[in-house]
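Visitor: Curious how this folds, go ahead:
(2 chains)
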Amino acid sequence: MTTASTDTATGTTGEGGDILAVAREQVLERGEGLSEAQVLEVLRLPAERLTEALALAHEVRMRWCGPDVEVEGIVSLKTGGCPEDCHFCSQSGLFDSPVRAAWLDKDRLVEAAKQTAKTGATEFCIVAAVRGPDEKLMEQIRVGVAAIRAEVDINVACSLGMLTQDQVDRLAAMGVHRYNHNLETARSHFPEVVTTHTWEERWETLQMVRAAGMEVCCGGIVGMGESLEQRAEFAVQLASLDPDEVPMNFLIPNPGTPFAHLDVPQGPDALMTIAAFRLAMPKTVLRFAGGRELTLGDLGAEQGMLGGINAIIVGNYLTNLGRPAEQDLEMLETLKMPIKALNDTL
Amino acid sequence: MFCSFCGGETATGDHERCRARLSLIDPPRYCAECARRMVVQVDPMGWTARCSRHGERTSAEAAQR
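Guide: Predicted coordinates for the structure are as follows:
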């Protein structure tokens, strides 16, 4: 919980003055992310200060990350039938979801990587809806990663759930560049979102991934019933992990899931969260991921790109569709934001 | 005919929200002819949806309509 009292009409704190003025000096000038209490102050800023918060977050991004935008494509290798009960996910086999189980074969996997590379993307993430990979999946990953690396000029990332040390070592040996495993939400809120495994189990996988030399990709979903305090808690928990990349998703209330009844997050709320996360993590890759189409629309996507975001997933997601890749690439051109080159990612 | 988003009959009920979802972020999940749940594969640039009775549809075909 916050310790500083904030005048919600202005954003002026009882301790250090105006939070955006504090952030300008602390984050923009010194590169030090905001504390939990400070992130909460940003999240509580009145709507009329959103533009100012986004502008500062954009300055921070440009100062500490530069103008380049990292483009990524993702694909679902194994869809549906997951034994876990992540309440936001239409791929859980425990819910009455319309999503049926499906496997992608190697040829289509490689073709998806080629299509992604054609957009200028430098990252291609292979995702499977599992608690953790079994031997069959590990073998498919080995074959698929080798085929992509042989035929496509792109970094390969994986997202396969929780790993053992042996699996971490094998993925690193395959040449997997980055591993995604989202903490999804604040530690204090996690039991309301997932009951079949713990936040700490996810954290352990991330530590092994880091130790093995793979880049760490870890983010979550905004709008799963968390309080602003929990959103601030999540931002600093992510910051303490020091991830290479943080994907920011916005809840898509999918039919059949326990969160189907929740509202789509509101655009201004989502944008203030983007600004706050950038101010908590000035140097990380902060990526637009799923749900932005519903929550932000076209205009909001541009505002996010000018409010701290410096990476995007182009094309479709795992079970939902995204904007056409061309539309996002045109947006980047309009905003005069160059796509990060592959030789800048290694 | 059936709604590809919720599987309900299109002649009954309000499917405005379903149409909005289908136009924005969702591939078809139910066969429009029989309402069976389809096996859907989404990839970065498209999707395929296969009904065990009525065969496969693709995003490329849908875009041509």
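
Visitor: show me what contacts residue 36?
Guide: Went with chain A since none was named. By CB atoms under 8 Å, 6 or more residues apart in numbering or on different chains, residue A:36 lies in contact with A:2, A:232-233, A:235-236. C-beta: built from backbone N, CA, C; applies to glycine.

Visitor: Please refer instead to chain B.
Guide: So residue B:36 contacts B:30, B:51-54 (CB under 8 Å, 6+ apart).

Visitor: give me that answer again for 7 Å
Guide: Counting by CB atoms under 7 Å, 6 or more residues apart in numbering or on different chains, residue B:36 touches B:30, B:51-53.

Visitor: By neighbour count, which of those wins?
Guide: With neighbours defined as other CB atoms under 10 Å in any protein chain shown, the most crowded of the contacts of residue B:36 is residue B:30; it has 22 neighbours.

Visitor: For beta bridges, what are the partners of that one?
Guide: Under DSSP bridges, the beta-bridge partners of residue B:30 are residue B:37.

Visitor: Pretty sure it sits against residue B:8.
Guide: No. Under the criterion of CB atoms under 7 Å, residue B:30 is not in contact with residue B:8, lying 8.6 Å apart.

Visitor: Tell me how many other residues crowd residue A:250.
Guide: 26.

Visitor: what about it, distance to chain B?
Guide: Residue A:250 sits 11 Å away from chain B, going by CB to the nearest CB, to the nearest Å.

Visitor: pLDDT (mean, whole number) over stretch A:48-64?
Guide: Average pLDDT, stretch A:48-64: 98.

Visitor: where in chain B is pLDDT low?
Guide: B:65 (pLDDT under 70).

Visitor: At the geometric centre of it, which residue do we find?
Guide: Among the residues of chain B, the one closest to the centroid is residue B:28, at 2.1 Å (CA atoms, centre = their mean).

Visitor: coming back round to it: so what sits against both of residue B:30 and residue B:8?
Guide: residue B:2.

Visitor: Which positions in chain B make contact with chain A?
Guide: Chain B comes close to chain A at residues B:6, B:24-27, B:29-30, B:37, B:39-45, as judged by CB under 7 Å from any CB of the partner chain.

Visitor: filter those residues to the buried ones?
Guide: B:6, B:25-27, B:29-30, B:37, B:39-45 (16 or more other CB atoms under 10 Å in any protein chain shown).

Visitor: From the residues you listed, which land in strands?
Guide: Taking DSSP state E as the definition of strands, those contribute B:39-43.

Visitor: Can you tell me what sits against the host helix or strand of residue A:60?
Guide: Secondary-structure element containing residue A:60, defined by DSSP states H and E: helix A:50-64. By CB under 7 Å, 6+ apart, the residues outside helix A:50-64 that reach it are A:20, A:23-24, A:27-28, A:31, A:42, A:45, A:268, A:271-272, A:274-275, A:278-279, A:282-283, A:303, A:306-308, A:310.

Visitor: same for chain B: which of the residues you listed are within range?
Guide: Applying CB under 7 Å from any CB to these, none is adjacent to chain B.

Visitor: just so I have it, where are all the strands in chain A?
Guide: Ranges of strands within chain A are A:6-7, A:12-13, A:70-79, A:102-103, A:123-128, A:155-159, A:178-180, A:215-217, A:220-222, A:245-250, A:285-288, A:311-313, based on DSSP E.

Visitor: Of those strands, which is nearest residue B:17?
Guide: strand A:245-250 (17.6 Å; CB to CB).

Visitor: Can I get the closest one as PDB, trimmed to CA atoms?
Guide: Only the C-alpha atoms of strand A:245-250 are listed here, as PDB (Å, rounded to 0.1, in the frame of the first residue of the first chain):
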ATOM      1  CA  GLU A 245      11.200  -7.700 -22.300                       C
ATOM      2  CA  VAL A 246       7.800  -7.000 -20.700                       C
ATOM      3  CA  PRO A 247       4.800  -7.800 -22.900                       C
ATOM      4  CA  MET A 248       1.700  -5.900 -21.800                       C
ATOM      5  CA  ASN A 249      -1.600  -7.500 -22.500                       C
ATOM      6  CA  PHE A 250      -5.100  -6.100 -21.900                       C
END
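
Visitor: can you list the residues of the stretch 1-150 of chain A near chain B?
Guide: A:73, A:75-76, A:79, A:98, A:100, A:102, A:104, A:108, A:112, A:115-116.

Visitor: what would those look like in CSV with pLDDT and neighbour count?
Guide: Formatted as CSV, the residues of the stretch 1-150 of chain A next to chain B follow (pLDDT from 0 to 100; neighbours: other CB atoms under 10 Å in any protein chain shown):
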residue, pLDDT, neighbour count
A:73, 97, 27
A:75, 97, 27
A:76, 97, 26
A:79, 97, 24
A:98, 95, 21
A:100, 95, 17
A:102, 95, 20
A:104, 95, 21
A:108, 96, 15
A:112, 97, 28
A:115, 95, 20
A:116, 96, 29
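
Visitor: And the lowest mean pLDDT element among the helices and strands of chain A?
Guide: strand A:6-7 (a mean of 54; mean pLDDT, DSSP states H and E).
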